[in-house]
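Novice: need a 3D model of the sequence below.
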Amino acid sequence: MVGRANGWNHRIFIENGKEIEADGFELMMVKAYYEKLDIVLRDCVASGLTFGVIHAEKDIGYYLSGDEEDQAEALRLFSVNCEAGRAIGAEKLVLHLWSGPRSDNDLARNLMMLDDLYEIAERSRIRLLIENVPCAMRDPITNLSRVTQKRPDAQFVYDVRFGAFHEQNERIVSSGALSSGRIDHVHLSDYVGPPHDFASLRPILHLGKGIIGLEALLSRIAEAYHGTLTLESPEILEAGCAVDVINQDLAFVKRFI
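Specialist: Residues are numbered from 1 along each chain as shown. As a prediction, the model looks like this:
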């Protein structure tokens with residue numbers, strides 16, 4: 001609902017939120033919010049909307065891969081994001097543990113910081129969930145297995161578009177992670193392909209407009225999973241957002257889940 005086209009105007013989702021046929025919202029933290037964060041959080045709380053999930057700023061994963069100064073900045077930003085989540089009543093925080101140009105090339109450095117990240121999240125009484133972000137070096141399942149080796153209590157976010165990018169949707173759905181609680185949040189959008197093509201990650205497609213085969217995939221997810229899901233297909237306009245198109249995508253989800 002909010003992006004570069006409408007100047008990251010958080011009032012857009014405040015003003016249109018009650019017309020969106022969803023149970024709640026996932027607040028995406030972006031750089032533009034930091035200078036007015038008190039206002040953004042105050043408006044979220046005053047809106048009466050439910051924000052069950054907050055998505056941490058994506059550059060945190062990039063900084064985690066850097067030197068000690070970068071890693072210190074990553075922890076500072078992560079703390080700000082966790083506190084923002086607590087302020088709006090979010091129970092879950094989505095993190096790109098690796099991100100940006102560094103991707104997972106230096107994942108060992110990111111993993112060094114895991115305990116610090118969990119400690120910060122626990123202080124803010126918010127549950128940290130790590131997403132299956134596209135990888136330049138390995139693949140999400142391999143990387144998330146490394147997370148589990150270090151943190152057996154780790155829980156994850158499953159993004160079906162990223163699953164399609166790495167051709168891992170079948171493996172993820174068949175793994176039992178959805179029914180066991182290991183995956184505790186799902187992101188929904190479509191993907192045009194081909195696999196492993198970073199240029200194909202944008203634009204993010206509306207549901208049923210790509211190659212994933214969401215009708216079948218959502219039916220299988222519904223059999224195993226009963227947690228939260230976020231629609232991620234954007235419909236951002238200069239003057240706001242296209243509420244009717246967003247609701248069409250939500251209706252698509254409700255046909256299966």
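Novice: ok, and for stretch 234-253, which residues are buried?
Specialist: Pro234, Glu235, Gly240, Cys241, Val243, Ile246, Asn247, Gln248, Asp249, Leu250, Phe252, Val253 (16 or more other C-beta atoms under 10 Å). In this view, the C-beta of every residue, glycine as well, is placed from N, C-alpha and C.
Novice: in strands, which of the residues you listed appear?
Specialist: The strands, defined by DSSP state E, take in Gly240, Cys241 from the buried residues of stretch 234-253.
Novice: out of the buried residues of stretch 234-253, who's nearest Arg127?
Specialist: Arg127 lies nearest to Val253 out of the buried residues of stretch 234-253, by C-beta to C-beta, at 22.7 Å.
Novice: and the closest one, how far is that from Gln155?
Specialist: According to C-beta to C-beta, to the nearest Å, Val253 stands 22 Å off from Gln155.
Novice: past the host helix or strand of Ile12, which element shows up next along the chain?
Specialist: Secondary structure assignment for Ile12, by DSSP states H and E: helix 11-16. Scanning forward in sequence from helix 11-16 by DSSP H and E, the next helix or strand is strand 25-28.
Novice: ok, and what's touching that following strand?
Specialist: Applying C-beta atoms under 8 Å, 6 or more residues apart in numbering, the external contacts of strand 25-28 come out as 2, 13, 17, 44, 49-55, 84-85, 88, 90, 94, 230.
Novice: again, only this time at 10 Å
Specialist: Strand 25-28 is contacted by residues 1-3, 8, 10, 13, 17, 33, 40-41, 44, 47, 49-58, 81, 84-85, 88, 90, 92, 94, 185, 187, 228-232 when judged by C-beta atoms under 10 Å, 6 or more residues apart in numbering.
Novice: list buried residues within those.
Specialist: 1-3, 8, 10, 13, 17, 33, 40-41, 44, 47, 49, 51-58, 81, 84-85, 88, 90, 92, 94, 185, 187, 228-232.
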